[in-house]
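[1] I'd like to go over a predicted model; first the sequence, then the structure.
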Protein chains: 2
Amino acid sequence: MSQVTPKILPPTASATNPPLMIGDLLDSGVRMAGDNQIVYRDQSRHDYRRFRQRVHQLAHLLSAQGVKAGDVVAVLDWDSHRYLECFFAIPMLGAVLHTVNVRLAPEQIHYTMEHAEDAFVLVHEDFVPLMAPLAIKLPMVKGYLLCREQNQIDESAAAQSGLDVVGEYEALLAEQPLEYDFPTFDENAVATLFYTTGTTGNPKGVFFTHRQLVLHTLGEASLFQAPGFALLDRDKVYMPITPMFHVHAWGVPYTATLMGATQVYPGRYEPEMLVNLLLKEKVDFSHCVPTLLNMVVSADAIASGQVDLSGWKVLVGGSALTQSLASKARELGIDTRSAYGMSETCPLLTADILPSDIDKADFETQLPWRCKAGLPVPLVTLQVVDESGEPLPHDGRSVGEVRVKAPWLTQAYYKEEKRSEELWRDGWLHTGDVASLDERGFLTISDRIKDVIKTGGEWLSSLELENYISRCPGIAEVAVIGIKDEKWGERPAALVVANDLNNPPEADQVQAFLQTFVDQGKLNRWAIPAFIRFVDEIPKTSVGKLDKKRIRQEV
Amino acid sequence: MSQVTPKILPPTASATNPPLMIGDLLDSGVRMAGDNQIVYRDQSRHDYRRFRQRVHQLAHLLSAQGVKAGDVVAVLDWDSHRYLECFFAIPMLGAVLHTVNVRLAPEQIHYTMEHAEDAFVLVHEDFVPLMAPLAIKLPMVKGYLLCREQNQIDESAAAQSGLDVVGEYEALLAEQPLEYDFPTFDENAVATLFYTTGTTGNPKGVFFTHRQLVLHTLGEASLFQAPGFALLDRDKVYMPITPMFHVHAWGVPYTATLMGATQVYPGRYEPEMLVNLLLKEKVDFSHCVPTLLNMVVSADAIASGQVDLSGWKVLVGGSALTQSLASKARELGIDTRSAYGMSETCPLLTADILPSDIDKADFETQLPWRCKAGLPVPLVTLQVVDESGEPLPHDGRSVGEVRVKAPWLTQAYYKEEKRSEELWRDGWLHTGDVASLDERGFLTISDRIKDVIKTGGEWLSSLELENYISRCPGIAEVAVIGIKDEKWGERPAALVVANDLNNPPEADQVQAFLQTFVDQGKLNRWAIPAFIRFVDEIPKTSVGKLDKKRIRQEV
């Protein structure tokens, strides 16, 4: 805050200045498109009016179970209509929604639930075997509410597990009144909490307030309908393929709800179910990590054109979208776009909003733009700075760390003073990403700071090198890391998965392929990895990113 | 605020939580579409990058003149690129932009400028003759900055007026540095102030904060790009035909700037200039009051099809859009839409966002929907209540007062305690409008509370009756008021302007026309005005609305 003294006038005594509340997003969707549907797999569908009623019923259910404002309520579920209801009912009560990352190891899940001080837990029956042994070590949990698939009839599994189950979601919901008189409270109250895993130490809790989520949603709503992006609006059908525990599925369920768009939740990710839903529900828009999109476009039925996904728009994030993947998707009529953000940033920071001239150009011209992280979205201030914190020129070449300010960034790691200050040193949130900005202000991420390969006094981007290697014929996936080198400090090394595992290309074929880029002046000679190893699989993190920590251990 | 205690977590010491600042809207536009243009008449055009520089230069200019945070800066100008720059530079300094209603009587202008405690004034040369005699009665004004049209060369007019002019806008701007280091401050600081005239008493000052304007802009940006509305986005061309002193031209210049849309400012409203700009700049979207749209569609060259305005979208507000005007516009290919709000509400409350099925239907089906006030926009809570404050059913028939809550409503009338409490009694902002809500949640305004005609114990809507009379052949415009009646309490009376002033229809022709609606059961028999008077002109307020106060005096 600066030293100036602007004019601040008091409101009249009776005036109301409503805080920004997540409940307003739900009310908006019901008004905008009360008839639009919320779909869950092949199991259930209801309209927005019923969606609102179910949120109110869930609030009654939770209140009856003793959940009150300030409590933390954990959810372990697949992407579902229930989860969407939790996105609203729990924060609207003034409680905190803890979206548990079910892909973590059991001891990490226990750590996060204990650290979050979860007071009540909603658990899908698939996770009862995981949850039951942890329950004894979570004495502060008042009860477990079971989420059950409609077509499964085994009533006894949960009971046999020994978990203290208070009842089943649908059964208890059906008993509740249809209107809950939700409180209004400080917009800076915490609405959501979840944990992000780093390469070292325990998972870190990030949290977002009602204010932050409403502003993030308004920003996304404006952006997602803008020309040059145009992914989602009231009349489109949305299905996330990013887990809802991962930064609220990038906040899109909130945005889709504000707009009143039809929402399809696929439950447990099963390829056949996903494809069936895409086709049957005529899904217009999804978002996922590149790995998942790669799986889809490589699936036999899709790659062969037997299943037609043309017209599907996919927003890719989590890792960079490569030009080869974007092109491969394009051949199938799938329109890919990029966005950039992280758990700590709610997540949206930039999006590849194509400038008018690029938007009108052909695909080949668009391709490099579509694979950039994009433009900072409204209300985001983003800088790329050198090691002394000086902003670098927008020249498309100067590379430095990305730091940001925005009204929707986590204000600390939960109960982690030291790591919080590290994140926020100098009053900027430090992303840990290395990037450049071009003349048009488009951001291109080149690496994680800790993954940059320092070779011969220069910074070599592992991502850029991965991008080049991925274009080599016969290669499905690649990860590049730096390995210690006496002479150069570090040298690049590559783990590669071949398209045909039984018939991988030779390492020297890959090197010769890269040499062509060296000859074109696009790559430095010393960027060609001397060490290239073919593997069946590349280690990934729980959210599908290359796990460079484990890769380093394995190389 | 309720009694619950949600979880509020402190930020880490170094964390930044940026307040919502108007400057962020400008930065967004520059990023989104740096090449898009700001056009002023046939006099000037520059891109968003230069727009941003000019805002920074204006801030330097004003600072050099002693303007500081907390000061109120008045602007008397036509709709211009300069005015747009004031929309940003003045609030971004922490000062308050007072948009002076230049159509008020001089003594009222003096009243508002004295009441607002204006410290500095930007004045267009056309208003120097108005301003000069008032200046002596405004001793707190530190100086006057002259805004001059490029093609006028009389340097001496202002000097001769005796006004204490510090210089000319463009000349002084040219001397300033291109970057201003704007402060960051409390988002609840007042950004804008202007005066609204009622039927009694002095004009009332309403004011809006940075937070309110940013939220209103995000709401508009989401809405204006939504299907069923779809009026404005980055790739469209916008020209306001609502004065910028009137509720910041409905906030649309802020919204257009956030999006990076091309903006055309027409200066003084001259029919030929307006039409030339519409055609030459290929304007996609404008907004205005119905009176102005009626003037446009009735202009000979346009009505005859000599000038083609097809494709132009016009948002109508201020008064209700009648079906006859919407149909007349439609015949010329002009697409009309409605929105509702008032000075006190920033202004947007509702908009006729067509539901998907109506949006796909033919024009005749859409027509009644297009003429409703529409759906409450996101973050607005709106009720229609009876005299005891109970919400009425959404049945399309029950009529009561509209009251609202939203995060962008003026929190008081400036220095008017009693009237502020009257506006905000019960914690709701009382609009003074009478309306109904239909099954789909669409609002239809039927009248101002004070204009409702109470006849035979029933409420008769003057607006509804005006709507019926306006459909009578040969009638251009109509105003209905209640006149005292011994037997019925009140009876309706109509002032009518004929299409052909020399050959107006007979009163009994109008009555016979209305009888057809009585026969169809759409109108009560006692709604047919016994008193119908043909006039050349109907008195209007300074913003172009029917001035029922003066009409009552004249009847």
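    Perfect, thanks for sending it.
[2] where does the prediction get shaky in chain A?
    A:1-2, A:151-159, A:199, A:457, A:543 (pLDDT under 70).
[3] domains of it?
    A:22-36+A:44-207, A:452-554 (automatic domain parsing).
[4] which one of these lies nearest to residue B:86?
    With C-beta to C-beta, the closest approach to residue B:86 among the domains of chain A belongs to domain A:22-36+A:44-207: 30.4 Å. C-beta coordinates here come from the backbone N, C-alpha and C atoms, glycine included.
[5] endpoints of the closest one, how far apart?
    Across domain A:22-36+A:44-207, the terminal residues are separated by 15 Å (C-alpha to C-alpha, to the nearest Å).
[6] what do you get for stretch A:426-440?
    First-to-last distance for stretch A:426-440 - C-alpha to C-alpha - comes to 27 Å.
[7] how about that stretch: buried residues?
    A:428, A:429, A:430, A:431, A:432, A:433, A:434, A:435, A:436, A:437 (16 or more other C-beta atoms under 10 Å in any protein chain shown).
[8] the residues you listed: which two are farthest apart?
    A:429 and A:436 (18.9 Å).
[9] show me what the lengthiest helix in chain A is packed against.
    In chain A, taking DSSP state H as the definition, the longest helix is helix A:48-64. Contacts defined by 3 or more C-beta pairs under 8 Å, 6 or more residues apart in numbering or on different chains; DSSP states H and E place helix A:48-64 against helix A:23-32, strand A:37-40, helix A:81-92, helix A:169-173.
[10] chain center to the second one, what's the gap?
    When distances are taken as C-alpha atoms, centre = their mean, to the nearest Å, strand A:37-40 is centred 21 Å away from the chain's centroid.
[11] how about the helices in the stretch 301-450 of chain A?
    A:323-331, A:356-359, A:363-370, A:417-423 (DSSP state H, counting those that start in this stretch).
[12] please identify the most buried of these.
    Using mean count of other C-beta atoms under 10 Å in any protein chain shown, the stretch among these with the largest mean neighbour count is helix A:323-331, at a mean of 18.
[13] just to revisit the earlier point, of the helices and strands packed on helix A:48-64, which approaches chain B most closely?
    In terms of C-beta to the nearest C-beta, the element of the helices and strands packed on helix A:48-64 nearest to chain B is helix A:23-32, at 4.0 Å.
[14] what's that closest one packed up against?
    Helix A:23-32 is packed against helix A:48-64, helix A:81-92, helix A:210-224, helix A:252-259, strand B:375-376, with contacts defined by 3+ C-beta pairs under 8 Å, 6+ apart.
[15] hmm, who's touching the helix or strand following the third one?
    The reference is to helix A:210-224. Once the chain leaves helix A:210-224, the next helix or strand it forms, by DSSP states H and E, is strand A:237-238. Residues outside strand A:237-238 that contact it (C-beta atoms under 8 Å, 6 or more residues apart in numbering or on different chains): A:232, A:252, A:256, A:261-264, A:281-286.
[16] let's see which of those residues end up in strands.
    A:262, A:263, A:264, A:285, A:286 (DSSP state E).
[17] now render those residues as CSV, adding neighbour count and distance to residue B:499.
    Formatted as CSV, the ones in strands among the contacts of strand A:237-238 follow (neighbours: other C-beta atoms under 10 Å in any protein chain shown; distance: C-beta to C-beta, whole Å):
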residue, neighbour count, distance to residue B:499
A:262, 25, 47
A:263, 26, 51
A:264, 25, 54
A:285, 23, 50
A:286, 28, 56
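[18] residue B:248: which of the residues you listed is nearest?
    Checking the ones in strands among the contacts of strand A:237-238 against residue B:248 by C-beta to C-beta gives residue A:285 as the nearest, at 33.6 Å.
[19] who's in contact with that closest one?
    Contacts of residue A:285 by C-beta under 8 Å, 6+ apart are A:231, A:232, A:236, A:237, A:238, A:239, A:312, A:313, A:314, A:315.
[20] do that again at 10 Å, thanks
    Residue A:285 makes contact with A:224, A:230-233, A:236-240, A:252, A:256, A:261, A:312-315, A:335, A:337, according to C-beta atoms under 10 Å, 6 or more residues apart in numbering or on different chains.
[21] same thing with residue A:500?
    Contacts for residue A:500 (C-beta under 10 Å, 6+ apart) come out as A:474, A:476.
[22] buried ones in the host helix or strand of residue A:552?
    In this assignment (DSSP H and E), residue A:552 forms part of helix A:548-554. Judged by neighbour count (16+ other C-beta under 10 Å), helix A:548-554 contains these buried residues: A:548, A:549, A:551, A:552.
[23] check stretch A:290-310 too.
    A:290, A:291, A:292, A:293, A:294, A:295, A:296, A:297, A:299, A:302, A:307, A:309.
[24] now the end-to-end length of that stretch.
    18 Å.
[25] what does stretch A:386-400 give?
    Stretch A:386-400 has an end-to-end distance of 5 Å (C-alpha to C-alpha).
[26] residues in contact with it?
    A:372, A:382-385, A:401, A:403, A:425-426, A:428, A:433-444, A:446-447, A:449, A:452, A:459, A:461.
[27] which parts of that stretch are buried?
    Buried, per 16+ other C-beta under 10 Å, within stretch A:386-400: A:392, A:394, A:399, A:400.
[28] just give me the closest of those residues to residue A:75.
    residue A:400 (38.3 Å).
[29] please name the bridge partners of the closest one.
    residue A:435 (DSSP bridges).
[30] so what's the closest residue in space to residue A:346 that isn't next to it in sequence up against?
    Leaving aside its chain neighbours, residue A:346 sits nearest to residue A:408 (4.1 Å; criterion: C-beta to C-beta, 6 or more residues apart in numbering or on different chains). Residue A:408 sits next to A:208-209, A:211-217, A:219, A:251, A:341, A:345-349, A:379-380, B:17-18 when contact means C-beta under 10 Å, 6+ apart.
[31] buried subset of these?
    Among the contacts of residue A:408, the ones that count as buried (16+ other C-beta under 10 Å) are A:208-209, A:211-217, A:219, A:251, A:341, A:345-349, A:379-380, B:18.
[32] what does the stretch 101-250 of chain A have sitting close to chain B?
    Residues of the stretch 101-250 of chain A lying close to chain B (C-beta under 10 Å from any C-beta of the partner chain) are A:117, A:181-191, A:193, A:205, A:207, A:209-212, A:214-215, A:217-230, A:233-236.
[33] hmm, residue A:31 is touching residue B:377, no?
    Yes: between residue A:31 and residue B:377 there is a contact under C-beta atoms under 10 Å: 8.8 Å.
[34] need the overlap of contacts for those two.
    In contact with both residue A:31 and residue B:377: B:350, B:353, using C-beta under 10 Å, 6+ apart.
[35] ok, residues contacting the helix holding residue A:552?
    For helix A:548-554, contacts defined as C-beta under 10 Å, 6+ apart pick out A:197-200, A:448, A:450-451, A:462, A:479-483, A:493-495, A:533, A:535, A:538-541, A:547.
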